[in-house]
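K.L.:
could you look at this predicted model? Sequence included:
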Amino acid sequence: MSILNGSVFMPSVLTLMGIPGLESVQCWIGIPFCVMYFIAVIGNSLILVIIKYESSLHKPMYIFLAMLGATDIALSTCILPKMLGIFWFNLSEISFTACLLQMWLVHSFQAIESGVLLAMALDRYVAIHDPLRHATIFSQKLLTHLGVGVTLRAAILVAPSIVLVKCHLKLYRTTLVSHSYCEHMAIVKLATEDIRINKIYGLFVAFTVLGFDIIFITLSYVHIFITVFQLPQKEARLKAFNTCIAHICVFLQFYLLAFFSFFTHRFGSHIPPYVHILLSDLYLLVPPFLNPIVYGVKTKQIRDHVLEIFFSKKSS
């Protein structure tokens, strides 16, 4: 690493500042973050174990839920241990290579989660619109292809943004990153070169993934609601609607947080920086924390097995 005219050429180490403006309370912020992380890991792991060992849950809806749980564990683990190291132990340095890896993993898992939510919406659409053919359409082969496709889409779309940072940006004004993890634009804005291509590609990935997914999820649910309201019996309508409530809650919390974070970051120049960073952190931590709670409460099969596990432990 060399310094040229006050700029740093290809830094080997970056320093994550955590939440600038809230340094005095970062240690306290870390406590609820840590609680959310442990609940996310324990809750999603419990769902994974239940789905794996309960053969009656080896159905598309629960397999997609398992994919979502695994993604949530990986996503929160990508950022929180390092974040707590910054908040509690002042371990703020990170190698440039590790930073790029974290950036790729975080944005890839975000895209995977969005893709899994889309697959879950399509599964509910087929289950309600054409229930007799649901098992035939959502075969084990299709589930495998969807899982591989969602993962490859995320990894391939996000990878060029990492390559652009690595190969296109050489000079940096500073090595201090005003963020608590290696977020794409937080790193790009450190560079002294023209960063328009990096910004444009970042927006392209965001709209290609989130924009595409949210449009098709919305269309799926419009058709689901039309189909549900056309059912002749009230009990059938309620039963069909209840199967979608948990996914609707998860869908709303993920995309609402995503849009709040995106728009405040891009257009909220008058908003204090720590608000941007807190929203960005919560966008990555809240869905993994809430998803197992939502599905545990709203999905009877999951709820019954969780209660069975805890009651059997107490009785023994």
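P.N.:
All right, it came through fine.
K.L.:
drop to CA atoms for contacts and neighbour counts, all remaining ones
P.N.:
Will do.
K.L.:
what's whatever helix or strand Pro287 lives in packed up against?
P.N.:
In this assignment (DSSP states H and E), Pro287 forms part of helix 273-298. Judged by 3 or more C-alpha pairs under 8 Å, 6 or more residues apart in numbering; DSSP states H and E, the packing partners of helix 273-298 are helix 26-53, helix 60-89, helix 234-267, helix 300-315.
K.L.:
let me have those helices in a markdown table, extended by mean pLDDT and mean neighbour count.
P.N.:
Formatted as a markdown table, these follow (pLDDT from 0 to 100; neighbours: other C-alpha atoms under 10 Å):
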| stretch | mean pLDDT | mean neighbour count |
| --- | --- | --- |
| helix 26-53 | 94 | 18 |
| helix 60-89 | 94 | 20 |
| helix 234-267 | 79 | 16 |
| helix 300-315 | 73 | 13 |
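K.L.:
hey, where'd the helices end up in the stretch 101-250 of the chain?
P.N.:
Under the criterion DSSP state H, counting those that start in this stretch, the stretch 101-250 of the chain carries helices at the ranges 134-137, 140-168, 184-188, 196-206, 212-229, 234-267.
K.L.:
contacts for the shortest one, please.
P.N.:
When contacts are defined by C-alpha atoms under 8 Å, 6 or more residues apart in numbering, helix 134-137 is touched by residues 123, 126-127.
K.L.:
related to what we said a few turns ago, want to throw the helices of the stretch 101-250 of the chain into JSON lines with distance to Trp28?
P.N.:
Formatted as JSON lines, the helices of the stretch 101-250 of the chain follow (distance: least, C-alpha to C-alpha, whole Å):
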{"stretch": "helix 134-137", "distance to Trp28": "48"}
{"stretch": "helix 140-168", "distance to Trp28": "32"}
{"stretch": "helix 184-188", "distance to Trp28": "24"}
{"stretch": "helix 196-206", "distance to Trp28": "32"}
{"stretch": "helix 212-229", "distance to Trp28": "35"}
{"stretch": "helix 234-267", "distance to Trp28": "22"}
